[in-house]
Every structure is written in C-alpha cells, then in structure tokens.
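Novice: Generate coordinates for the sequence data below:
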Amino acid sequence: MSAYKKLNQQDAFITTYTARKDWIASGSQYQELGIQNIVGLSGSGVYYNNDDDLVYGGGVLSTSIFRHNRRLVYRSTDHLYYSLFDNAEVTSTGSFENYLQSSFEVSGSRYLNDRVAIFSLPKEMYGTHIEPLSVSITPEFPNGSSSNGSLDNYVINNYITSEGVNSTDSADNQYIETIETLFAATGVTCRVDADDYINPESDPTNTIGYVDETVTGGGQYLDTNETSGDCNEIVDDGEGRLYIKNSFPRFYVGNVIYPHGQIIITNEVIAHYYNTYLNAILKWKSNLPIFTHNYHCRLKIAEFNHTLNKTAYDTSSGLKNANISGSYFSPYITTVGLYNDSNELMAVGKLSQPLPKSLDTDMVIITKLDMNFGVNRLAGGRQEAEVAKCVHYFTFRNLVQITGEGINTNSSPPFYDPRSKRSVRDDGTYQLFLKKNNSIEITKGTNGISDQYHLVREERGNNSSYRAYCYVDVIATGNTVDGFTYQVIYGTNTNESNKRSEDFFINILELYLYENTLSCKYTYETPITSTLPDAIVENVLM
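Specialist: Now for the predicted structure:
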C-alpha cells in the first residue's frame, strides 16, 4: 500500500554529464542503424531534374527509403561547407557559416572536387558532436582466402589474365590492386616508423645501462627506420580534416563536420571506391548528454510509521493485529513512486532490499533517473525485427460472499428463497485461468485439465466463504514490445448492477502478461496451489 508526500522545490533538481561511447559499424549494419552512404556528383550548366540522378545509399538500388539526388547532394554540400573556399583557399570573409572546425590553418583545410562520398550518421549515434580524433574509415573487404586472391587483391586473381595464360600470379593478371595500396591511384605514399633503440655502449645486450631505453622508460636515444605501411585507413586530425593514416607527407582526403555527424570524402578516387565498390567500416566516438533528475524524498521521524497493508489488520474488527500494534513497530520501505501534479505515476524505484523506517532520526531516500530523450528514435531506415503478436485466452472465475435472509448455506446445494433479501459482498476475490482456446469452459471443482487450461493466479480477500458468482472471458492480443489489446466478454445474463468493470480484468492481465513470458502456443503447466475452498459452490447470478 502507499502513502504520499509532496516534494519541495529544492528537493528536485537536474544534473548533467556527458557519456562518450565508442561505435563501430560495418556496411551490413548501415540500414539497421540509419547510417547513410550518400553519393554527391558535380555537373555543368543549368540543372534540370533528371531521374538518372536519383540514387540510393551507396549508389546501390534497393528497397531502402533513402533515395537522394546526387546532383542536389553535391550542391547542398558545397553550399553548407565549402562555399567560402576556392581551390581550398578562403576567398571570402563574409558572415556565412561554413561550420569551420578550427581557426587553425583554415586556408587549405577544405577542397571540393567533382565527386564526394558522404557518410551521414543519425543524431542519436553521435549526440552533440563526434569526438575529435576518434574517426576511422577502413574498407570492408569481402571474405576470401589467399588461394583465390580475395585477401591480397581487391579484384580476384584470374579475373582478367593475359591471353592464353591461366594463372593466379599477379604478374599474369591485369587490373589487380593489392589491398595494402588500394588507393594508390591517389599518388599517396605511406610509411611506418619501426622502433630501433640504440644499445648503451657499456652493454650491447641492452640489459643494463645508464639510460633506460625501454618504451616505458621514455625511449631515449630513439632512432627509427622508415618502412612501407598500409595506406587504406582514413582518420581525422582533430581539426575537422580527414587524412590517410601513415601517409608521408600527410595526405588529406576530406573533412568531418563534428557537430553535424557528417563524414565527407572529397578525394575523387577514394570517393569513387566508396560510392561504387566498397562499404566502409566506420569507427567514431559520440558525445551524449545525460540528464539526471534527482529527487530527495525526506521522511521525518513522525511520518510513514504505519502500514496500510490489509494483511496487517484483523478481518473482523478492522484493528491492527496485536503483533504490530506496539510503539516500536516500524514498517519497511520497498518502493518509491514519483507522481506528477495529476497524480499519474511517472516512475518507480525499487530498493535493493527492504529499508526499515527509522523511529529515531529523519531519513532521505535519494531517487535518480537518467534520461536521454530521443536516444531510441533512430532514423526511419532502422529496420527492427517485427515481434510476433500472440493471442492468449483467459477466464476469470469471480467469487463473492452472498449473505441475507432466506439463505440456507447448510443445505446441499444451498437453498435460496427468491423472495428473500440477498446482498453480495465483493472484495475482489478471483481465480485466473489460462486456456488453450476460448471455446474451452472451466470445469467446476478443478484448477486445471491437461492441454486445456490451468490456474495461473489467485487473489483472495478477507471473507471466510465464497461462491463462484460468474465467469468472464478475456482475449489478449499483442506482445510486451507493442502492448496488448483486450476483449472482455461477459455472460449474456450479466447483472449490470453487480458486475466488475473491464478495467478490473485488464489491470490484472497487464501485470500478469508483463511479469511472465508466454509462448504464442498454449503450454499446460501445473496449476498453482489454491487457498480457496476445494468445494466452491457454483452459483449463477448473471
């Protein structure tokens, strides 16, 4: 049972913190996550709308709802991010916003060729902005083996060979590009500095020395040898520019607009690869503000010292049971509910274990709710598996106590004088049965019949004897993800003045269905043990 207290203004406040999450997405996950791989293509002259310019994400025709005009994509990108630049040089100092990521080396930081590949991230996956220095783009190569060349060559060996030659040797194959230098047509060169520590003169084995030359020791007297390296990974420099990792000198290929979640590749060779041939494995880190709503529920010494649980009271006198009527009795707190001004329950907090209410000092229960509005509202391209809707059949056996003159409960069956005054005491007692289908009737005196129905829940009030008053069927359709709809079916002769409301049955089923995972197909289980009399007299008072 519950007790209520209004919070003061100072007891409710909001704090925030920023959560940074690492993300990784391959091409097969784009549609699920709402990531768009967009093509942008330049053109000359006045533009006229042409269906040939309509392409889907990545330029691949599909049933995706993301369809873009590649000419308009290019013009929009130019207008938003590159309009102040000409040949990578700033040509205007106007107030137009190009969303520059840094004032450092603005000139030379942006250039736009005739083709762009844009990876557009949904707002819910980058938050306020993409974290600088967190972007990584690598080609997603198809699975293969070294024997057919899928791992060491983008175009499989033997795809096109010299005339009269059937060979997997690179020397005999044409149009073969090794994946380590996939973007070699850009003219980029890459190197990796291999660590080479100089041994101390006193000990060529480098086991002792005046200077600690290990990496953990700082790596003093470090020399390097330049070796060739992988030229495929693209990363950001923290200033909004994309470059090929390991390139020397640094080779820039595009830009990142951190607050917009836009990753733009402007190098035509690389953009063509990602527009046409390959998906990319994207890595980035998001910045997501979390709003923590703090509520301090203050309990004074003299408050909340009594229980409203009906089991704590004598059923006949309505007084507290003797074992809890002493001055040292203290109830236990298990749940905190937060309500709005309309007395609607907004949130529920469960304590990890029951908390005894202190009789000696004031208490404060701190409730915190972390909220991130919109985090689950991903773009329309996200396709989640549809959860099957099930149909469950239930029957309520409603029980009441019938009293009044002219009722002889000692006879078998009880004798009822239709001229007598009878009263029905309804304390909400019921039995709930789960059935295989709605045509099955509950048999008197049984709590279950194999493969037909079984008793799943029971609630008994304080009365000592009951009569089965009537039966109500309820059909529940849906699932715990999308919710349920209910059809409540009363008997044809239901007494309108005494019947229980539809909400009575629906509220019970809502609780039962969300607490229990039911299969769409009926499964018989051992009925629960009933606390009601074994021989319940069936009485039809419809």
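
Novice: When you work out contacts or count neighbours from here on, use the C-alpha atoms and nothing else.
Specialist: Noted.

Novice: Confirm for me that Glu458 is in contact with Leu434.
Specialist: No - with contact defined as Cα atoms under 8 Å, Glu458 does not reach Leu434; the gap is 12.0 Å.

Novice: Which one's more surrounded, the two?
Specialist: The neighbour count for Glu458 versus Leu434, taken as other Cα atoms under 10 Å, is higher for Leu434 (25 against 17).

Novice: Report the mean per-residue pLDDT for the longest strand along the chain.
Specialist: Longest strand in the chain by number of residues (criterion: DSSP state E): strand 279-299. For strand 279-299, mean pLDDT rounds to 92.

Novice: what about the stretch 151-300 of the chain, any weak spots by pLDDT?
Specialist: Residues of the stretch 151-300 of the chain that meet the criterion pLDDT under 70 lie in 151-181, 184, 192-230.

Novice: That one: helices as residue ranges?
Specialist: Using DSSP state H, counting those that start in this stretch, the helices assigned to the stretch 151-300 of the chain run over residues 268-272.

Novice: next one: the chain
Specialist: Taking DSSP state H as the criterion, the chain contains helices spanning 30-33, 70-77, 268-272, 502-515.

Novice: Tabulate those (JSON lines), appending mean neighbour count.
Specialist: Formatted as JSON lines, the helices of the chain follow (neighbours: other Cα atoms under 10 Å):
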{"stretch": "helix 30-33", "mean neighbour count": "19"}
{"stretch": "helix 70-77", "mean neighbour count": "19"}
{"stretch": "helix 268-272", "mean neighbour count": "20"}
{"stretch": "helix 502-515", "mean neighbour count": "14"}
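
Novice: what's the closest of these to Trp284?
Specialist: Ranking the helices of the chain by proximity to Trp284 (Cα to Cα) places helix 30-33 first, at 13.9 Å.

Novice: For the closest one, the averaged confidence score.
Specialist: The model assigns helix 30-33 a mean pLDDT of 82.

Novice: export that helix as CSV, just CAs?
Specialist: Below are the C-alpha coordinates for helix 30-33, written out as CSV (Å, rounded to 0.1, in the frame of the first residue of the first chain):
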residue,chain,number,x,y,z
TYR,A,30,24.0,0.8,-42.2
GLN,A,31,20.3,0.3,-42.8
GLU,A,32,19.7,-1.1,-39.3
LEU,A,33,21.5,1.8,-37.6
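
Novice: So which other helices or strands are in contact with that helix?
Specialist: Packed against helix 30-33, as judged by 3 or more Cα pairs under 8 Å, 6 or more residues apart in numbering; DSSP states H and E, are no other helices or strands.

Novice: thinking again about what came up before, so which of the helices of the chain comes closest to Trp23?
Specialist: helix 30-33 (11.0 Å).

Novice: so where's the stretch 401-542 of the chain shaky on pLDDT?
Specialist: For the stretch 401-542 of the chain, the ranges with pLDDT under 70 are 403-422, 463-464, 468-469, 533-542.

Novice: what's the closest of the helices of the chain to Val55?
Specialist: Per Cα to Cα, nearest to Val55 of those: helix 70-77, 6.7 Å.

Novice: Check what contacts the closest one and list those residues.
Specialist: Defining contact as Cα atoms under 8 Å, 6 or more residues apart in numbering, one finds that helix 70-77 is touched by Ile38, Val39, Gly40, Leu41, Ser42, Gly43, Asp53, Leu54, Val55, Arg115, Val116.

Novice: Outline the domain layout of the chain.
Specialist: 19-141+231-289, 199-226, 301-361, 390-538 (automatic domain parsing).

Novice: Gln10: which of these is closest?
Specialist: domain 301-361 (15.6 Å).

Novice: The closest one: end-to-end distance?
Specialist: Domain 301-361 has its terminal residues 6 Å apart, counting by Cα to Cα, to the nearest Å.

Novice: hey, C-alpha coordinates of the longest strand of the chain in CSV?
Specialist: Taking Å, rounded to 0.1, in the frame of the first residue of the first chain, the C-alpha atoms of strand 279-299 are listed here in CSV:
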residue,chain,number,x,y,z
ASN,A,279,31.4,-0.4,-48.0
ALA,A,280,33.4,1.2,-45.2
ILE,A,281,33.9,0.1,-41.6
LEU,A,282,33.3,3.2,-39.6
LYS,A,283,34.5,3.9,-36.1
TRP,A,284,33.8,7.0,-34.1
LYS,A,285,33.1,8.2,-30.6
SER,A,286,29.8,10.0,-29.7
ASN,A,287,29.1,12.7,-27.1
LEU,A,288,25.8,12.2,-25.5
PRO,A,289,24.5,14.4,-22.7
ILE,A,290,22.7,12.5,-19.9
PHE,A,291,20.2,14.4,-17.8
THR,A,292,20.0,13.1,-14.3
HIS,A,293,16.8,14.0,-12.5
ASN,A,294,17.4,13.9,-8.7
TYR,A,295,14.6,13.7,-6.2
HIS,A,296,15.2,13.8,-2.4
CYS,A,297,12.3,12.1,-0.6
ARG,A,298,12.5,13.3,3.0
LEU,A,299,10.9,11.3,5.7
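
Novice: What are the buried residues along that strand?
Specialist: Residues of strand 279-299 classed as buried: 279-292, 294-299 (neighbour count, 16 or more other Cα atoms under 10 Å).

Novice: Likewise for stretch 333-343?
Specialist: Buried positions in stretch 333-343, judged by neighbour count with 16+ other Cα under 10 Å: Ile333, Val336, Leu338.

Novice: now the last one, nearest residue through space, not along the chain?
Specialist: For Leu338, ignoring the flanking residues on the chain, the nearest one in space by Cα to Cα, 6 or more residues apart in numbering is Ala347 at 5.2 Å.

Novice: Test my guess that the one you found contacts Thr335.
Specialist: No - between Ala347 and Thr335 there is no contact under Cα under 8 Å: 10.6 Å.

Novice: can you give me the end-to-end distance of stretch 316-335?
Specialist: End-to-end distance of stretch 316-335 (Cα to Cα): 29 Å.

Novice: Pull out the buried residues from it.
Specialist: Lys320, Ser330, Pro331, Tyr332, Ile333.

Novice: Give me the number of neighbouring residues for Ala19.
Specialist: 12.

Novice: going forward, begin numbering at 35 instead of 1
Specialist: OK, 35 is where the count begins now, so the last one is Ala53.

Novice: Next, work out how far apart it and Met405 are.
Specialist: As judged by Cα to Cα, Ala53 and Met405 stand 12 Å apart.

Novice: which other residues reach stretch 458-476?
Specialist: Applying Cα under 8 Å, 6+ apart, the set of residues contacting stretch 458-476 is 426-437, 485-497, 507, 509, 556-557.

Novice: For those, which PyMOL command selects only the ones that are buried?
Specialist: Buried members of those, defined by 16+ other Cα under 10 Å, are picked up in PyMOL with:
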select buried, resi 426+427+428+429+430+431+432+433+434+435+436+486+487+488+489+490+491+492+494+495+507+509+556
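
Novice: on that earlier part again, figure out which of the domains of the chain is closest to Gln43.
Specialist: domain 335-395 (13.1 Å).

Novice: show me the residues around Gly495 that make contact.
Specialist: Asp461, Gly462, Thr463.

Novice: show me the contacts for the closest residue to Lys319 other than its chain neighbours.
Specialist: What sits nearest to Lys319 in space, not counting adjacent residues and going by Cα to Cα, 6+ apart, is Asp56, at 4.4 Å. Shown in contact with Asp56 (Cα under 8 Å, 6+ apart): Lys317, Trp318, Lys319, Ser320.

Novice: Widest-spaced pair of the residues you listed?
Specialist: Within those, two members stand farthest from each other by Cα to Cα: Lys317 and Ser320, at 10.0 Å.
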